[in-house]
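K.L.:
This is the structure alone, sequence omitted:
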């Protein structure tokens, strides 16, 4: 396999800027939605309880998000990956450094928490207090998924990328040569 690009999530300033803008846009959209839902349906519970559930669920979602990445890496990497966790630059992260997956599998690893954790938070919010809390939790989590979403966009728009290798700073985008055994 030959390299066709890299996505350096920690050092690439344009990528980091894109992640910040995407996160802010998602958070702003979520905030506007919460305001509309609060006007339409109210808090659903006392405001103090609403805020406590929001804060606790948002904090609990952070490590759960990373555990979903890890579980998906293990599942789609068929157990042949070594999972590690870390914290840098204000971000929790999961890594399977050196693990190489087909592009579609790696995209699934990146998107899994955006789908699974966001859906779970929406259900929790809905059950506890109704639509406003469900929306607030879902959009707050999605705004935190900006790095994953930006990496997916980078992977999908790289011509020739068939595989992705996890690295200590992000990912290496690879193209399979005709003689390579595809995984």
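P.N.:
Yep, that arrived. Computed from a predicted structure; not experimentally measured.
K.L.:
how close does the residue positioned nearest the centre of the chain get to residue 34?
P.N.:
The residue lying closest to the centre of the chain (Cα atoms, centre = their mean) is residue 145, at 3.6 Å. Noted for residue 145: a distance of 18 Å to residue 34, by Cβ to Cβ, to the nearest Å. All C-beta atoms are positioned from the backbone trio N, CA, C, and that covers glycine.
K.L.:
for residue 46, same thing?
P.N.:
Distance from residue 46 to residue 34, by Cβ to Cβ: 16 Å.
K.L.:
what about the two, which has more around it?
P.N.:
Neighbour totals were compared for residue 46 and residue 34, and residue 34 leads with 20 against 10 (other Cβ atoms under 10 Å).
K.L.:
Excluding chain neighbours, what is closest to the residue nearest to the centre of the chain?
P.N.:
residue 114 (4.5 Å; Cβ to Cβ, 6 or more residues apart in numbering).
K.L.:
okay, now that neighbour: neighbour count?
P.N.:
19.
K.L.:
quick one, what contacts it?
P.N.:
Shown in contact with residue 114 (Cβ atoms under 8 Å, 6 or more residues apart in numbering): 141, 142, 145, 148, 149.
K.L.:
How about residue 151?
P.N.:
7, 9, 110, 170, 171.
K.L.:
Find me the pLDDT at residue 103, would you?
P.N.:
With respect to pLDDT, residue 103 has a value of 98.
K.L.:
Hmm, residue 161 and it touching each other?
P.N.:
Yes - assessed by Cβ atoms under 8 Å, residue 103 is found in contact with residue 161 at 5.5 Å.
K.L.:
neighbour count winner among those two?
P.N.:
residue 161 (21 against 18).
K.L.:
which residue sits closest to that one, ignoring its sequence neighbours?
P.N.:
Per Cβ to Cβ, 6+ apart, closest to residue 161 is residue 173, 4.4 Å.
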